[in-house]
Structure formats: C-alpha cells, structure tokens
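Trainee: structure for this input, please:
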Amino acid sequence: LDSLLRPRKEDDSMIQISNLQLSLQRRLILDDISFTIHEYECLGLIGPNGAGKTTLLKCLSGMIESDRGSITMSSRPIRQQQQTIGYLSQQTDFKPWMTCEQSLRFFGRLSGLDRATLNKRIPDVLHEVGLYAQQAEVIERLSGGMRQRLGIAQAILHEPTFLILDEPASALDPSGRHDINQLILRLKKRMTIIVSTHLLEDAKTCCDRFLVIKHGKLLGPLDNQRNVDQYRIQVETLTPVLPFSATLFPRVEINRINPCCYQFSAQQPLDLSELATTLIQQGWSIASIAYQPIGLEERFLDMVADV
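Mentor: Next up is the predicted model:
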C-alpha cells in the first residue's frame, strides 16, 4: 500500500554500485558488480554460501574498500556517509551480562551519540522492535529472535537512511522469522534496506525484488512477481473425467493427480486456450485451467544451477 501511495519517480535510485571488483589473497571475491537501490526499497541479496554476499554488504557499509569501481549514495561516495548507514552483521557482539538498555547505551556511546540523544532514542527503538518490556532483561536470557531484534535496534539507533541486514533471520524459528520480516516491513516505510538471505519464501513478504549472486558475479535480478511455467498446465474438473485417448494430445505427457485433476506437460510451450477448447469438445466440465506457477525458490535454483 505504501508503494502505491508513494509513486516511484522515473529515476529515484538512491544508491549506485558501479563495476565493483575486489580480490582478497589473490582470490577474486567480487567481479564487476553493478546495480542500483531505490529509495524506500527493500532489496534482497541471495546466493549460495561463499557467493560474496557478506563481502558485498561490507563494501556497501564502507567497512571494506573495493579494488575498483564505486559506490555512491545520493551522488556522494558512500564512505563519506557512514553516519547515515545502519549495519547488522551475521554475528552480533553483545555482552551477555548487559541488559538490553545497557547494551544499546554502550554501543550508542561508541558510535558517538550523546547522552541526551540516547535517553530519547533507546526507549523509542526498543518499543519499535518489540523489546520495550525487556529493556531491563540481561541479554543471555533473551531468545534468538529477541537478540536479532536487539541487533536491529542497535543498527537503527542513530536513525540511518540506509539499513544493511546480513542474514537477519537465518537461525530463527518460523515465529522469529515472521517477527523480523514484519519489523523490516515497518522500517522500509522510512529507510532504504538491503538484506541478504537464503529464506526466499519468508523474505518475499518484505523484499520488493532480489538480486542473485554466485562466485562473486551478479547473475541477474529475480523479481517478486508470480511467474508461470508455460510448459505445464493443470486442469481441474467439476466431475470425474471419463476415459479418453491420449492420442488426442500428441507429444504431451498427461498425469492424473486425482479423478478431477490432470496435469499436461510438454517439451515446448503449451497453448492454454487451444487445450481448453479441445477438452471442452471432449466433454470435460472444466472448473479451472491454468499454467503451473513457478515458485521464487524454484526460479532461484534454476539460476544458480551448474549447467
């Protein structure tokens, strides 16, 4: 709804990554990476382990400088704007004996926030991430999901405009992942976010689109739209289908799912209307006919498969 109320301008790219290249110990980690991130967008970065996701996020945060290429935010080098960036690493470095409030105050002072700002911001961010009631709780007693939310609270304490999240929900149970995704949805109303993840079905609730990376190279975008497989059609009928001759459908494989559901597959794209016409002529009482949907994870696996 927010994206509808806030129409995207023709060129609202906030962050530009151009021809990024980085080698570590003579190994090419990032290979000519280029893409843009739009204002108030949540971009998902996905790829196999060792693909270069974390290294790329560290470059975006300004912690690592690339060998070649550039990263700009609002037309200025991103390393000059680190005070406007929030970063959550895969491993949060909390002191287990500290309370939530003490930990945020400790890291806030390290990042240069004054006492007055922290007095105002700490209750606000704890409330935002759903930990206000746990502010006096020591960290070692928090659940995994609560610790991740505290990590996000630390990352947004200074009110960044650009938030970087590295696998924020990877070790959480379904309830914890849901909480993190709902929090990201709320945050992207006022900040731009990039999140690395391999939990595609969860992340599609908060990510507007995905970029796929493998062996340090971008394989391309993966949009969050519902795609279909034009090589497979599923037909459901109102009544059980009477026996019929498969010769009516040359070079088409027919699988019976149940008496009222059949799947038609071929090595070339199928014509939906032509198939529907033929079935109706054969007396089929069609309740629904549609191309098979292709899930986000299935499309991702196709992109990263070694051919």
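
Trainee: before we move on, what SS does Leu211 have?
Mentor: Per DSSP: H, G, I helix; E, B strand; the rest coil, the local secondary structure of Leu211 is strand.

Trainee: look up which residues are beta-bridged to it.
Mentor: As for beta bridges, Leu211 partners with Leu45, Pro221 under DSSP bridges.

Trainee: can you report how many residues lie near it?
Mentor: For Leu211, the neighbour count with other C-beta atoms under 10 Å is 22. To be clear about C-beta, it is placed using only N, CA and C from the backbone, and glycine gets the same treatment.

Trainee: please enumerate the helices of the stretch 151-300 of the chain.
Mentor: For the stretch 151-300 of the chain, the helices defined by DSSP state H, counting those that start in this stretch occupy 174-187, 200-203, 272-281, 296-304.

Trainee: could you dump the shortest one to CSV, C-alpha only?
Mentor: Think helix 200-203. Provided in CSV are the C-alpha atoms of helix 200-203 (Å, rounded to 0.1, in the frame of the first residue of the first chain):
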residue,chain,number,x,y,z
LEU,A,200,13.2,-16.8,0.0
GLU,A,201,9.7,-17.7,0.8
ASP,A,202,9.9,-15.7,4.0
ALA,A,203,11.8,-12.8,2.5
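
Trainee: would you mind pulling up the elements that it packs against?
Mentor: The contact analysis (3 or more C-beta pairs under 8 Å, 6 or more residues apart in numbering; DSSP states H and E) places helix 200-203 against strand 42-46, helix 174-187, helix 296-304.

Trainee: centre-most residue in this protein?
Mentor: By C-alpha atoms, centre = their mean, the chain has its centre lying nearest to Gly44, at 3.2 Å.

Trainee: tell me the strands in the stretch 1-150 of the chain, going along the chain?
Mentor: 13-24, 27-38, 42-46, 68-73, 76-77, 85-88 (DSSP state E, counting those that start in this stretch).

Trainee: please compute how far stretch 33-41 lies from its chain's middle.
Mentor: Remark: stretch 33-41 is offset 13 Å from the chain centroid, using C-alpha atoms, centre = their mean, to the nearest Å.

Trainee: counting neighbours, which bits of it end up buried?
Mentor: 33, 35, 37-41 (16 or more other C-beta atoms under 10 Å).

Trainee: so who does Ala203 touch?
Mentor: The neighbourhood of Ala203, defined by C-beta atoms under 8 Å, 6 or more residues apart in numbering, consists of 44, 46, 181, 195, 197, 210.

Trainee: contact partners for the first one?
Mentor: Meaning Gly44. Neighbours of Gly44 in contact, by C-beta under 8 Å, 6+ apart: 194-197, 200, 203-204, 207, 209-211.

Trainee: returning to what we had before: which residue is the nearest non-sequential neighbour of the residue nearest to the centre of the chain?
Mentor: Excluding the flanking residues, the one nearest Gly44 by C-beta to C-beta, 6 or more residues apart in numbering is Cys207, at 3.7 Å.

Trainee: thought Ile46 was touching that neighbour, still the case?
Mentor: No: the criterion here is C-beta atoms under 8 Å, and Cys207 misses it with Ile46 at 9.1 Å.

Trainee: hey, what's in contact with both of these two?
Mentor: Shared contacts of Cys207 and Ile46, counting by C-beta under 8 Å, 6+ apart, come down to Thr197.
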